[in-house]
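Asker: okay, predicted coordinates and the sequence, questions at the end:
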Amino acid sequence: MKNIRLLWLFPSVFLVSCIYPGVDDDFNQANMYDPVVMQRVDFENSVAVQPVQSISVSGKIYIKENLLFINEFRKGFHVFNYSNPSSPTPVGFIQIPGATDLAVRNNTIYINQAVDLVTLQYNISDNSLTVTNRNRNIFPQMVAPNGEYFNVNENQIIVDFTN
């Protein structure tokens with residue numbers, strides 16, 4: 001008889017944990033990050049050479065012959081004349097929202113701009129650039145730093161996140 005009571009005791013102890021007290025966890029479901037979104041037309045016309053700017057959040061560094069590129073994370077690239085490595089001279093800033101990476105082959109610069117791969121020619125002598133090609137939607141939409149995905153319209157591009 002005592003064994004039967006023990007047999008009923010164990011399942012009842014485990015079943016108590018199935019009772020819902022009506023109080024949810026204190027987890028906040030609000031987004032930790034908000035996407036910075038641009039319309040496709042504005043996004044494609046946003047590539048420009050700007051005057052020299054100070055570096056606030058540096059990213060990857062790339063050196064090609066006499067040029068030094070320093071990524072300003074998701075903002076663009078600082079360009080330096082690197083002919084004297086002990087004292088690089090700032091030349092300008094390539095504004096390209098959503099830019100995270102750069103590669104150079106011959107005189108062609110390839111930039112990952114959010115979802116697009118942009119090909120451009122940069123002329124250091126007059127500090128100008130020309131976009132020669134844009135491959136649209138090569139990369140997936142950006143993901144927030146915490147791994148959260150955001151759905152945006154087809155003609156919208158996520159270029160950064162704010163918290």
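Answerer: Alright, I've got the coordinates. This structure is a prediction, so every number in the text was calculated from the model and none was measured.

Asker: show me what residue 89 is bridged to.
Answerer: residue 81 (DSSP bridges).

Asker: what is the burial count for it?
Answerer: 12 (other Cβ atoms under 10 Å). The way it works is simple: take the backbone N, C-alpha and C, and place the C-beta from them, glycine included.

Asker: thought it was touching residue 79?
Answerer: No: contact criterion Cβ atoms under 8 Å: residue 89 and residue 79 do not qualify, at 9.9 Å.

Asker: those strands in this protein, which residues are they?
Answerer: Along the chain, counting by DSSP state E, strands occupy 34-39, 48-50, 58-64, 67-72, 76-81, 89-95, 99-105, 108-113, 116-123, 128-135, 156-162.

Asker: what's the closest of those to residue 141?
Answerer: Residue 141 lies closest to strand 156-162 among these, at 5.3 Å (Cβ to Cβ).

Asker: same question for that closest one, mean pLDDT?
Answerer: Averaging pLDDT along strand 156-162 gives 96.

Asker: quick one: contacts of that strand?
Answerer: With contact meaning Cβ atoms under 8 Å, 6 or more residues apart in numbering, strand 156-162 is reached by 33-40, 43, 74-75, 97-98, 114-115, 141-142, 144-145, 150, 152.
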